[in-house]
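*Asks:* can you look at this prediction? I've put the sequence above it.
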Amino acid sequence: MIIPVILAGGSGTRLWPLSRKLHPKQFIELIGKNTLFQEAIHSLPELVEKPLVICNEEHRFLAAEQLRQIDRLASGIIIEPVGKNTAPAIALAALKSIKKNENVILLVLSADILIQDVDQFHHAIEFAKKQAEQNKLATFGIKPNKVETRYGYIRVNTLQDENYFNIDKFVEKPDYKTAQRYVGSGDYFWNSGMFMFKASVFLEELDKYEPEILSACRRSYQTEFHDLDFIRLDKDEFLRCPSQSIDYAVMEKTKDAVMVELDASWRDLGSWSALWDSQPKDVNNNLISGDVILNEVSNSYVHSASNRLVSAIGVSNLVIVDTQDAILVADKSQDQLVKNIVENLQNSKRSECNYHRTVFRPWGHYDSIDVEDNFIVKRIFVKPRSRISLQKHQYRAEHWVVVKGHAKVTCDDKVFKLEENQSTYIPLGAVHRLENVGNLPLEVIEIQTGERLNEDDIIRLEDDYKR
């Protein structure tokens with residue numbers, strides 16, 4: 001039994017143009033018609049079990065909705081109470097999976113990678129599976145085709161059976177001269193960050209080298225409970241868990257690590273320049289996405305996800321990303337330094353680090369398109385045959401205008417329907433609910449007015465989603 005484990009991002013900054021953590025690129029349509037998260041699901045072999053997804057609180061409905069869009073089910077969606085890096089996340093997956101089968105094998109993937117040759121990926125999985133069945137901890141290495149400083153490296157020392165290598169050591173992201181030496185030697189592979197091993201073997205090795213991590217994860221998992229499709233853990237216990245990557249915690253220390261070469265046109269899209277590098281460009285070597293007009297621009301990545309026109313003139317080697325929340329302009333060779341901007345925003349306690357315009361809910365999502373001290377204008381999208389909770393507010397009133405679809409509205413003792421171009425008023429304190437009674441998405445413009453306009457001014461009386 002093989003259970004794929006999809007690591008879909010931990011907690012972090014919300015400025016996804018500035019950092020890939022939140023709102024994460026893996027959930028945004030950047031490659032073709034699917035998101036990277038969906039592409040990761042599609043890349044899995046048919047014979048594996050349903051994937052186990054690990055994400056944070058903010059992404060749970062987004063992950064569930066994107067699975068629904070591609071008609072795939074998960075064996076579970078584990079909600080990390082807080083981001084603690086990959087070792088604890090994988091430990092949680094192992095603790096859940098081992099309940100099914102003591103010999104279950106985990107295939108661990110990150111959702112911000114792109115695998116273009118799926119057949120070769122499946123062949124590599126077969127080789128890694130054989131090693132996992134022998135109680136080895138397999139990682140996948142990529143033969144470098146250029147000097148690259150964005151990746152960690154794996155040094156190998158012995159080729160075994162033409163299928164796997166013994167590992168000499170893992171090394172961190174090098175400077176350019178060191179990377180040149182690595183690539184020239186032929187002894188180094190890029191570290192893909194993908195793994196395959198028995199859940200039981202991983203837990204044994206974690207207990208041997210980082211017992212505090214395993215202990216905290218066990219205590220957190222003891223209070224596991226299911227909330228709709230989501231698996232929730234004890235937050236207080238998980239907060240005590242050390243933050244550590246799987247490389248540091250286990251792979252660099254264990255004597256049972258092996259490496260399988262992966263020749264599948266693998267790309268780690270952990271930066272905007274990496275995304276530019278991975279895709280076909282136009283005649284000027286530009287990668288364009290969204291509503292973009294360029295003049296005398298070359299070697300650049302320009303992305304508009306804000307419904308605004310983005311134009312550029314007479315520049316080269318730039319990353320320009322425009323979203324609803326922020327705009328990023330960076331030299332393509334320096335986009336890794338975006339972490340410094342994010343740190344500055346966090347230290348300044350900027351609201352952009354805590355609030356995102358588009359918020360996902362189990363019934364759909366909303367977009368806060370205009371915000372002032374005494375009013376908020378939102379576009380609300382309700383999925384077919386879904387409805388918000390029956391609720392009331394102490395500090396705000398609401399105006400609803402239906403612009404697409406058919407709505408059923410509850411307002412105190414009145415229940416009525418609204419068609420396109422019709423509106424209603426929800427007074428302060430009124431018990432109300434909005435429902436999509438049609439087979440197509442419902443879109444409503446909502447104007448909130450009042451003393452307090454925070455989401456905590458919601459008193460739920462009935463809720464289909466047990467919030």
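*Replies:* Yep, that arrived.
*Asks:* quick one, helices of the stretch 101-250 of the chain?
*Replies:* 118-133, 176-185, 199-209, 211-221, 235-239, 246 (DSSP state H, counting those that start in this stretch).
*Asks:* out of those, which is closest to residue 150?
*Replies:* Smallest distance to residue 150 across the helices of the stretch 101-250 of the chain (Cβ to Cβ): 9.4 Å, for helix 176-185. From N, CA and C alone the C-beta is placed, and that goes for glycine too.
*Asks:* for that closest one, buried residues please.
*Replies:* Of all the residues in helix 176-185, those buried under the rule 16 or more other Cβ atoms under 10 Å are 178, 179, 182, 183.
*Asks:* thinking again about what came up before, let me have the helices of the stretch 101-250 of the chain in CSV, extended by mean pLDDT and distance to residue 390.
*Replies:* Listed next are those as CSV, based on pLDDT from 0 to 100; distance: least, Cβ to Cβ, whole Å:
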stretch, mean pLDDT, distance to residue 390
helix 118-133, 94, 46
helix 176-185, 92, 59
helix 199-209, 96, 42
helix 211-221, 94, 33
helix 235-239, 91, 28
helix 246, 94, 44
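*Asks:* in which helix or strand would I find residue 376?
*Replies:* Using DSSP states H and E, residue 376 falls within strand 375-382.
*Asks:* partner strands of that strand, with direction?
*Replies:* strand 364-371 (antiparallel), strand 442-450 (antiparallel) (DSSP bridges).
*Asks:* which other residues reach that strand?
*Replies:* With Cβ atoms under 8 Å, 6 or more residues apart in numbering as the test, strand 375-382 has contacts from 363-371, 388, 405, 407, 434-436, 441-449, 453.
*Asks:* would you map the strands across the stretch 51-200 of the chain?
*Replies:* Secondary structure of the stretch 51-200 of the chain (DSSP state E, counting those that start in this stretch): strands at 52-56, 76-80, 105-110, 113-115, 137-142, 153-160, 164-171, 188-198.
*Asks:* out of those strands, which gets nearest to residue 332?
*Replies:* Nearest of these to residue 332, taken as Cβ to Cβ: strand 113-115 at 18.2 Å.
*Asks:* quick check: mean pLDDT across that closest one?
*Replies:* Averaged over strand 113-115, pLDDT sits at 84.
*Asks:* what about stretch 103-113, how long is it end to end?
*Replies:* 27 Å (Cα to Cα, to the nearest Å).
*Asks:* likewise for stretch 351-364?
*Replies:* This stretch, stretch 351-364, spans 24 Å end to end (Cα to Cα).
*Asks:* and the protein, what are its domains?
*Replies:* If you go by automatic domain parsing, the domain ranges for the chain are 2-268, 272-344, 358-462.
*Asks:* pick the most buried one from those.
*Replies:* Each of the domains of the chain was scored by mean neighbour count; the highest is domain 2-268, a mean of 19, by mean count of other Cβ atoms under 10 Å.
*Asks:* name the nearest residue to residue 359, ignoring sequence neighbours.
*Replies:* Nearest residue to residue 359, sequence neighbours excluded (Cβ to Cβ, 6 or more residues apart in numbering): residue 366, at 5.7 Å.
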